[in-house]
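# Pasting the sequence and the predicted model now:
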Amino acid sequence: MNAKKFCAGAMAAALSMSSMAVFSGCGNTDKKDSTASIDVSQAEITDGFDAKGATLEVLTNRTDRKDDGKLDALTDKFEEAYNCTVEYTAYKDYDSDVATRMGTDDYGDVLCIPSSLKLEDLPTYFVPLGKYDEFKDTYRWADKKMTSDGNVYGLAVGGTATGVLYNKKVWEQAGITETPKTPDEFIADLKLIKEKTDAIPYYTNFKDASWTIGQWQNLVLSAAGGADAENELLQNKEDLFVEGNGYYEVYKLMYDLFSQPDLLEEDHANTEWESSKVWFGEGKIATMVMGSWAVSQFMEKAENPEDIGYMPVPITAADGKVYAEEGPDYTIGVSVNSKNQELAKAYVEWFVSDSGFSEQEGMISTVANKELPDTLSGFKDAVFFEKAVAPDDLVGKFDEIDKESGVGVWQGDEDNFKIKLAEAAFAGKGDAGFNDIISDMNKKWATARDKVLG
């Protein structure tokens, strides 16, 4: 944020397009019970204290886990150990609703830290959980919500990897035996699915494109093949869409795929996110680009959870390797206005360490040195990496250029380049349509880059 005090409406607008992630991932209006398929066992709590019946309000957009009772079930031992009550308030439109609450002094005790909140503004809304030196050997990604003084304001609820969701049974029925490693191989496999099965090869979920199309952005650094790709783009003052830098490859793949109506659902305007989970599990849909956060949700809806698979980005980097970016999901922190801050801090560390939530959701554990979840078994040959921290002179510059240019790499509003690319592809405008759009984005990016970087 540009100021430490602002109206709720302004904050809602600023956060409405923040990137999607697991803890506040899309809610679930289908209350199908799948408790039997998920282990919610927890470690015993040996260091609890008597909170004397205090109540903690925890804000989440996991309406599915609120509705099916799994968040409450996870929390039973915590409540017993600390003599407290944890109340989950779930929002389907998390960013907007929580932004409104953060315009007041009442925004719960524990909540996901909005991804659009600037690091320097963290102390205005959250309390420090401890110093980075205390956490760095225990938790992954402890530096992601850290200010320059070394204070950590949030811990990740878990981590995700970037890739493609697919129905293994359908892909096998099509006779596909190897994971695609190039865009051409990927589209060829989808054509085989069209030819040999009754499944929709690729489902766009375009009705909810304001966030679903943003899933493609998650693939960019993996396609670029390096943790430093974003920093190098700025250091070399490159255009955004240049062959070999990830942006070009990912969005050319999306465009080429969306240009082939036989491989997609018939009516892009009337896709159904919640229903697609069921159809996917039934083998009616073969493939979607989604973060690994989606795997467990689709497994729960599947007739056979083992049919749900996850593969690396089907783009081989220039060095001949397939990369997979891993990174933190939303981080959770403690409100400066909480009247039970010590209890809230205890909840945060318990939730990321011992609640069993990351295991339940098939996420990469925040706890250092834990093994990857079974849902990522298809990544054995991929090279995992984390996005590199920007050097001091470039901190915040990418986001600043992105905002100044109006490109909006993480956004999905109707004027965004991703929506324009999709609509041009649906309309059959061919390579000329793609080139016109990325040329315009490159010009906007270059103008803003030169203004910001000089």
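That came through fine.

# can you pull the buried residues of stretch 159-178?
Buried residues in stretch 159-178, defined by neighbour count with 16 or more other Cβ atoms under 10 Å: 159-171, 173-174, 176. All C-beta spots, glycine's among them, are computed from the backbone N, C-alpha and C.

# and what of stretch 72-83?
By 16+ other Cβ under 10 Å, the buried positions in stretch 72-83 come out as 73, 74, 75, 77, 78, 79, 81, 82.

# how about those, which pair is most distant?
Greatest spatial distance in these: 73 and 82, 16.6 Å, computed using Cβ to Cβ.

# For the stretch 351-454 of the chain, just list every one of the strands.
Secondary structure of the stretch 351-454 of the chain (DSSP state E, counting those that start in this stretch): strands at 383-385.

# Would you state the helices of it in chain order?
Taking DSSP state H, counting those that start in this stretch, the helices of the stretch 351-454 of the chain run over residues 357-360, 397-405, 417-426, 430-453.

# In JSON lines, list these along with distance to residue 372 and mean neighbour count.
Formatted as JSON lines, the helices of the stretch 351-454 of the chain follow (distance: least, Cβ to Cβ, whole Å; neighbours: other Cβ atoms under 10 Å):
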{"stretch": "helix 357-360", "distance to residue 372": "11", "mean neighbour count": "22"}
{"stretch": "helix 397-405", "distance to residue 372": "28", "mean neighbour count": "18"}
{"stretch": "helix 417-426", "distance to residue 372": "29", "mean neighbour count": "20"}
{"stretch": "helix 430-453", "distance to residue 372": "35", "mean neighbour count": "16"}
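
# Which of those has the lowest mean pLDDT?
Of all those, the minimum mean pLDDT falls on helix 357-360 (a mean of 87).

# Just name whatever secondary elements it is in contact with.
helix 70-82 (3 or more Cβ pairs under 8 Å, 6 or more residues apart in numbering; DSSP states H and E).

# now with 6 Å?
Helices and strands in packing contact with helix 357-360 are not found; criterion 3 or more Cβ pairs under 6 Å, 6 or more residues apart in numbering; DSSP states H and E.

# i'd like the first residue to be 50 from this point on
Got it, the first residue is 50 from now on, which makes the last one we talked about helix 406-409.

# Dump it to PDB, restricted to CA.
Taking C-alpha atoms only, helix 406-409 is exported to PDB below (Å, rounded to 0.1, in the frame of the first residue of the first chain):
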ATOM      1  CA  PHE A 406      -3.200 -29.000   7.700                       C
ATOM      2  CA  SER A 407      -0.400 -29.100   5.100                       C
ATOM      3  CA  GLU A 408      -0.400 -32.900   5.100                       C
ATOM      4  CA  GLN A 409      -4.200 -32.900   4.800                       C
END
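
# so which of the helices of the stretch 400-503 of the chain comes closest to residue 293?
helix 479-502 (13.9 Å).

# quick check: angle from that closest one to helix 446-454?
110 degrees (axes from the mean of the first three to the mean of the last three Cα atoms, to 10 degrees).
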